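>>> my questions are about this predicted structure, shown below with the sequence.
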Amino acid sequence: MILEQYYIECLSHASYLIGDETSGRAVVVDPRRDIAEYLADARRYGLTIEGVINTHFHADFVSGHLELVDATGAWIGFGDAAQTDYPIRRLAHGEHLSLGEVDLEILSTPGHTWESISILVRERADAEPSAVLTGDSLFIGDVGRPDLVNIGDSSTADLARAMYRTIHETLMTLPDSVTVMPAHGAGSSCGKNLSTELTSTIGEQRVSNPSVQPMSEEAFVAMLTHGQPAAPAYFASDAAMNKRVHPLLRQDRTVPEMTAQQIRAALEAGVRVVDARSVDDFAAGHLRGTVNVGFDGRFAETGGMVAEVGEPVALITYPGDEQEAALRLARVGSDNVLGYLNVGRDGQFPAAIGDLVQTAPRTTVTELDRLLADDAVILIDIRNPGERESGAIPGSLPIPLAQLRSRIDEVPDGKPIVLHCAGGWRSSVAASLLRANGFDQVSDLLGGYHAWSDVHATV
């Protein structure tokens, strides 16, 4: 049996290739849009990809099922509650799919969405199960949240109750030895407390995962519906894209280099220009009106927070990062990257746009304390709700980064604004986004909440 996991850090996303070495038949589960890796491994193992299974309608990225169908002619499988505008194979609870000797059993596991399924893998039909691909139902360290875009009009609480049954009546009844292989890891907005581990076992989760411990349904629902990360606005767009036919991602696509004058024209036309350099390099010098989304962080997801899906985007990148940056945006549906301008690590912009270069102010903890004492600042905490539960700076206004663009009218004016996150990466995004939207006197807290709490822990 072939069972390959493909994990990408920028989306904390895992996809899978399952193949039967004897028959040469295979399926891909929860694929991303850039499919070359699946195709290459199928060739390497002598496999034919005959099916593509999505465990649910993903909201945090655009799935690659249409690209794989175009490349291989495979069928597309979803849980039988799914509704799409393209042909699908409806997969019912208890159904078995044979790849030859390898057997796949479909488990209906609603809770994250109504159509959610998991896939129980056996090396032979008569063997004990060896792995379960759990999608966004069971994570390592958590379970999937019930409050994202889903089929139907049912409430979050209804899905949470369905998840309770999924966990306790289906997944946790599997043998302890079964390997758990979810669709996401740490950093994903699809859950609260995801582990950095990429696989586990049912037995390990039975002991270590707080969300699967014995508890009442009421306690489970309360736990699951409280403190979830703010969902980026693009999640709704991606979930909708995954239900309909949409343009394919060209696998050989490259985005062109732009001249300095073209970048100037883009800024003047209101195009979102994303500067993918580091926070420190952006602070030392950037083009007025650009938004800093560092390539060294959660670039794809955060890029989806600062630009509408389908909105034209231009990139400023270090040499060599430009094509990968454009691809990462395409993974969340932002296909309309106009081009890029390279800026070296010396921070030197072309002379033709030198008049647009400015620095980004950053505030120290000492400076913030003085401003707060004088009531001379508006402090905005852009962390997620669960992060604030472990501590917050008194007087801070909570607006999670994922909601900042849609809630920008709630940002007070009239005083200098300081934004902070946990360590300083997200706050650079937020501060640059506000400046790009016309706010003056905006800075972010150097070192974030960690720096503030370190200082105040010693006081």
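Nice, thanks for sending it over. Every value quoted in this text rests on a predicted model; they were computed, and no experiment measured them.
>>> could you pull up phi and psi at Tyr6?
The phi/psi pair for Tyr6 (degrees, to the nearest 10) reads phi -120, psi 110.
>>> mind showing which ranges of this protein have poor pLDDT?
Where the chain drops to pLDDT under 70, the residues are 149-154, 190-192, 458-459.
>>> recalculate using a threshold of 80.
Applying pLDDT under 80 to the chain flags residues 148-155, 186-194, 227, 458-459.
>>> just checking, what packs against the helix of greatest length in the chain?
Taking DSSP state H as the criterion, the chain has its longest helix at helix 425-436. Helix 425-436 is packed against helix 279-284, strand 291-292, helix 299-306, helix 401-404, strand 417-420, strand 442-445, with contacts defined by 3 or more C-beta pairs under 8 Å, 6 or more residues apart in numbering; DSSP states H and E. Glycine gets a C-beta too; all of them are placed from N, C-alpha and C.
>>> for Ile353, which non-adjacent residue is closest in space?
Ala260 (4.6 Å; C-beta to C-beta, 6 or more residues apart in numbering).
>>> okay, now that neighbour: neighbour count?
Neighbour count for Ala260, taken as other C-beta atoms under 10 Å: 16.
>>> look up how far Val28 lies from it.
Using C-beta to C-beta, to the nearest Å, Ala260 is found at 42 Å from Val28.
>>> give me the domain ranges for this structure.
What automatic domain parsing lists as the domains of the chain is 2-241, 260-358, 362-457.
>>> in JSON lines: the ones you listed, plus distance to Leu249.
As requested, the domains of the chain are exported to JSON lines (distance: least, C-beta to C-beta, whole Å):
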{"stretch": "domain 2-241", "distance to Leu249": "4"}
{"stretch": "domain 260-358", "distance to Leu249": "5"}
{"stretch": "domain 362-457", "distance to Leu249": "24"}
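>>> which ones are touching the nearest residue to His168 once chain neighbours are set aside?
The shortest distance from His168 to any non-neighbouring residue, by C-beta to C-beta, 6+ apart, is to Val212 (7.6 Å). Val212 sits next to Leu138, Val143, Ile167, His168, Leu171, Met172, Gln205, Arg206 when contact means C-beta atoms under 8 Å, 6 or more residues apart in numbering.
>>> ok, now which ones touch Phe349?
Ala260, Gly285, Leu287, Val343, Leu356, Val357.
>>> now for those, which pair is the farthest apart?
Farthest-apart pair in these is Ala260 and Gly285; separation 14.4 Å (C-beta to C-beta).
>>> just name the closest of the contacts of Phe349 to Asp176, please.
Nearest to Asp176 out of the contacts of Phe349 is Val343 (C-beta to C-beta; 52.7 Å).
>>> if we can go back for a sec, narrow the contacts of Phe349 to those in helices?
Assignment to helices by DSSP H places the following of the contacts of Phe349 there: Ala260.
>>> pull out the buried members of the contacts of Phe349.
With burial judged by 16 or more other C-beta atoms under 10 Å, the buried subset of the contacts of Phe349 is Ala260, Gly285, Leu287, Val343, Leu356.
>>> correct me, but the fourth one touches Gly320?
Meaning Val343. No: in this structure, Val343 is not within contact of Gly320 by C-beta atoms under 8 Å, at 11.9 Å.
>>> show me the strands in the stretch 351-459 of the chain, by range?
With DSSP state E, counting those that start in this stretch, the ranges of strands along the stretch 351-459 of the chain come out as 357-358, 362-363, 378-381, 397-398, 417-420, 442-445.
>>> ok, the second one: who's next to it in the sheet?
Strand 362-363 sits in its sheet next to strand 442-445 (parallel), going by DSSP bridges.
>>> residues in contact with the partner strand: which ones?
Contacts of strand 442-445 (C-beta under 8 Å, 6+ apart): 360-365, 368, 416-421, 424, 427-428, 430-431, 434-435, 451-452.
>>> so what does the residue of the chain positioned farthest from its centre look like in phi/psi?
The outermost residue of the chain relative to its centre, with distances by C-alpha atoms, centre = their mean, is Asp374 at 39.0 Å. Note on Asp374: backbone dihedrals following degrees, to the nearest 10 are phi -90, psi 0.
>>> quick check: it vs Glu367, distance?
The value you get for Asp374 to Glu367, if C-beta to C-beta is used, is 11 Å.
>>> ok so, going back, do you know how far the residue nearest to His168 is from Glu197?
Counting by C-beta to C-beta - Val212 and Glu197 are separated by 15 Å.
>>> try Ile117
Note on Ile117: its distance to Glu197, by C-beta to C-beta, is 23 Å.
>>> these two: who's more crowded?
Ranked by neighbour count (other C-beta under 10 Å), Ile117 and Glu197 place Ile117 first, with 28 against 15.
>>> I figured that one was touching Thr55, is that so?
Yes: if you go by C-beta under 8 Å, Ile117 and Thr55 touch, sitting 5.5 Å apart.
>>> mutual contacts of the two, please.
With C-beta under 8 Å, 6+ apart as the test, Ile117 and Thr55 both reach Gly79, Gly135.
>>> about what we covered before: of all the helices and strands packed on helix 425-436, which one is nearest Thr201?
Nearest to Thr201, of all those, is helix 299-306, at 28.3 Å by C-beta to C-beta.
>>> for that closest one, what is the distance to the chain centroid?
Offset of helix 299-306 from its chain centre (C-alpha atoms, centre = their mean, to the nearest Å): 8 Å.
>>> helix or strand next in line after it, which one?
As assigned by DSSP states H and E, the chain's next helix or strand after helix 299-306 is strand 313-317.
>>> determine the set of other helices and strands touching that next one.
Helices and strands touching strand 313-317, by 3+ C-beta pairs under 8 Å, 6+ apart, are helix 260-268, strand 272-275, helix 322-331, strand 337-342.
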